Structure formats: C-alpha cells, structure tokens
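1. attaching a predicted model along with its sequence, questions to come.
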Amino acid sequence: MADTTVSKVSDTPRTSVGRDGVLNVAARLFREQGYGAVSLRKIAEAAGIKASSIYYHFGSKDEIVAAVLDAGIEAVHESMRQAIAVLPTDTGAEAALRAAIGAHLRALLEVSDYSSANVRIFGQVPQSVRDANLPTRRAYEAEWDALLSRLQKNGALQRDVDIRRLRLMLIGALNATLEWFDPDRGSAEALSRTYADVFLNGILER
C-alpha cells in the first residue's frame with residue numbers, strides 16, 4: 001500500500017515525497033476537483049515540491065492519471081477479492097453477493113482516494129488514457145462475471161439473467177453513490193446493506 005504521508009521537501013530533484021507521494025496527492029486532487037482542474041503545478045504545490053521535480057517520476061500529467069486509474073481499480077478489485085476469499089466454501093449466494101457489494105462500497109467510499117478518483121475522472125480523461133486502463137478494468141469486471149456466473153450455474157441466480165447486464169447495472173449503481181453519499185448521515189456498511197437488500201429482494205411486496 002502506498003505511503004499516504006506527504007511532507008515538505010527541498011527543491012532537489014530526488015524528493016522525499018517520492019513517486020507514491022506524488023500519486024497520493026494527485027489521487028486526492030483528482031477525486032476532489034476532477035481531471036481538467038488539476039495541473040502538474042497544482043499537484044506539485046500540494047505535495048510541497050517544485051513542478052519540475054515531478055518529472056523525475058513522471059513524464060506527463062497523463063502518466064500520473066494512468067497510474068491513478070490503475071491503482072483505483074486495483075484497490076476495489078483487491079477489496080472484493082479478499083472479501084470473497086475469506087468466505088467458507090459453503091457460503092450461500094446471498095452472503096457472497098453481500099460481501100462483494102460491501103467490499104466494493106468500502107473501497108470506494110472509505111478506503112482509497114484512488115478508487116474514488118477513478119470513478120470521478122474516467123469519463124473525463126483522454127481516450128488513450130482510458131484505453132490504457134481497460135485491461136485493469138476488464139480484470140475486475142471478469143471477477144464479478146465469474147462470481148455471478150458461478151452463482152447462476154449453481155442455481156442461485158435465475159437462468160435468464162444476463163450476467164453482463166447485471167454486472168453493469170450493479171457496479172454502475174454502486175459507483176454512483178460517490179455523487180451523493182454523505183458519511184455524516186450514514187455509514188458505507190449501512191448503505192451496503194440497503195443496496196444488497198434491494199438487489200437481492202426487490203422493492204415490491206409479494
């Protein structure tokens with residue numbers, strides 16, 4: 001995990017902030033302000049270094065953006081992978097899906113500036129940067145597809161459910177919480193339970 005401590009440093013090219021420190025600052029700024037509003041100079045100022053020092057680690061703003069996007073997906077992916085891996089082999093479909101949903105939301109809302117930044121700026125970055133991020137994104141989508149397909153094969157999901165569309169709907173709804181979730185009015189854990197209830201049980205009385 002990247003060191004989240006960013007300190008004031010001298011103006012020498014080899015700064016104590018380091019590559020991870022630059023990325024930590026950039027992820028926070030991208031999460032808060034979006035892609036277009038964040039420049040290399042703004043990242044450097046927030047990190048307490050000169051803009052020229054950033055070029056020791058990165059050749060351009062888009063190199064930083066690409067690294068932030070990859071790290072954001074990887075943070076959510078690892079959170080979900082670990083949540084599923086610790087479940088007993090006989091865990092039912094509902095518990096498995098609740099664990100996956102909870103892991104995604106925790107990584108998105110509580111754990112990592114990188115995961116939040118990824119969701120916020122992915123649609124704003126140049127196409128070349130998005131294309132470079134696709135392998136990492138596809139790997140996470142495949143994790144969900146594998147889980148949902150396994151549950152469908154075991155008879156827990158309806159046979160006529162389209163796995164890809166279900167995954168798109170589920171992840172899209174979870175990611176959208178960044179636009180309105182207020183941690184002062186409830187926890188990510190409580191939100192996770194609400195989302196899982198709706199997805200698994202529906203909203204209409206039977």
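-> That came through fine.
2. how is the protein divided into domains?
-> What automatic domain parsing lists as the domains of the chain is 1-59, 62-201.
3. what distance separates the start and the end of stretch 45-62?
-> Across stretch 45-62, the terminal residues are separated by 18 Å (CA to CA, to the nearest Å).
4. report the separation between residue 191 and residue 183.
-> Distance from residue 191 to residue 183, counting by CB to CB, to the nearest Å: 10 Å. The C-beta positions use only the backbone N, C-alpha and C, and glycine is treated the same way.
5. ugh, wrong one, I meant residue 23
-> Note on residue 23: its distance to residue 183, by CB to CB, is 24 Å.
6. these two - which one has more neighbours?
-> Taking neighbours as other CB atoms under 10 Å, residue 23 and residue 183 compare with residue 23 leading, 22 against 10.
7. what is the burial count for the closest residue to the more buried one other than its chain neighbours?
-> Once flanking residues are discounted, residue 23 sits nearest to residue 67: 5.7 Å by CB to CB, 6 or more residues apart in numbering. By the criterion of other CB under 10 Å, residue 67 has 21 neighbours.
8. return the per-residue confidence for residue 67.
-> pLDDT recorded at residue 67 is 95.
9. now residue 119
-> Taking residue 119 on its own, its pLDDT is 89.
10. hmm, back to that, now the residue nearest to residue 23: which helix or strand?
-> helix 61-85 (DSSP states H and E).
11. what residues sit buried inside the next helix or strand after that helix?
-> Heading C-terminal from helix 61-85, the first helix or strand you meet, by DSSP H and E, is helix 93-106. By neighbour count, with 16 or more other CB atoms under 10 Å as the criterion, the buried positions of helix 93-106 are 93, 96-106.
12. by contact count, what packs against the top helix by length along the chain?
-> In the chain, ranked by residue count with DSSP state H as the criterion, the top helix is helix 127-153. In terms of contacts (3 or more CB pairs under 8 Å, 6 or more residues apart in numbering; DSSP states H and E), helix 127-153 is packed against helix 61-85, helix 93-106, helix 163-175.
13. out of the ones you listed, flag the one nearest residue 124.
-> Nearest to residue 124, of all the helices and strands packed on helix 127-153, is helix 61-85, at 9.3 Å by CB to CB.
14. what's the neighbour count on the closest residue in space to residue 163 that isn't next to it in sequence?
-> Distances taken as CB to CB, 6+ apart put residue 148 closest to residue 163, at 4.8 Å, once the chain neighbours are dropped. Other residues near residue 148 number 23, with proximity taken as other CB under 10 Å.
15. so how far is residue 196 from residue 148?
-> 14 Å.
16. same question, residue 25
-> 34 Å.
17. between these two, point out the one with more neighbours.
-> In this view residue 25 and residue 196 are compared by other CB under 10 Å, and residue 25 has more residues nearby, 25 against 19.
18. angle of the longest helix of the chain against helix 61-85?
-> Relative orientation of helix 127-153 and helix 61-85, computed by axes from the mean of the first three to the mean of the last three CA atoms, to 10 degrees: 10 degrees.
19. show me the residue at the heart of this structure, geometrically.
-> By CA atoms, centre = their mean, the mean C-alpha position of the chain lies nearest to residue 115, the distance being 2.6 Å.
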